[in-house]
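Asks: Quick one: sequence and predicted model below, then my questions.
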Amino acid sequence: MANPKKHHTASRRDKRRAHWKRLTLPGFSKCLQCGTLHIPHRVCPGCGFYNGQLVVAIEAKKGKGDEGSSR
Ligand SMILES: [Zn+2]
């Protein structure tokens, strides 16, 4: 059985436990335009920008929106 060889101090233990929560989720990056999280190297779903230029026009929510969305 694996046993700890040396005693770890409470300071060392607490410093380790202080870092369990990450500030940003892994595998996401922040959009330069609107600041929302999006998948890297993909068009931002919030504003439709990629690499600083508009690629996909995101429709406003006040439009028809009847197709396909029945929630
Ligand atoms: Zn964006």
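Replies: Cool, the structure landed.
Asks: quick one: the residue at minimal distance from the centre of the chain and Trp20, what's the gap?
Replies: Closest to where the C-alpha atoms of the chain average out (Cα atoms, centre = their mean) is Phe28, at 4.0 Å. Remark: distance between Phe28 and Trp20 (Cβ to Cβ, to the nearest Å) = 19 Å. Every residue, glycine included, has its C-beta placed from N, CA and C.
Asks: ok, now Val56?
Replies: Look at Val56 and Trp20: by Cβ to Cβ, they are 37 Å apart.
Asks: of the two, who's got more company?
Replies: Using other Cβ atoms under 10 Å, the more surrounded residue of Val56 and Trp20 is Val56, with 12 against 6.
Asks: So for stretch 30-38, first residue to last residue, what's the gap.
Replies: End-to-end distance of stretch 30-38 (Cα to Cα, to the nearest Å): 6 Å.
Asks: again but with stretch 13-26, I slipped
Replies: First residue to last in stretch 13-26 (Cα to Cα) measures 24 Å.
Asks: For it, give me every contacting residue.
Replies: By Cβ atoms under 8 Å, 6 or more residues apart in numbering, the surrounding residues in contact with stretch 13-26 are 30, 37.
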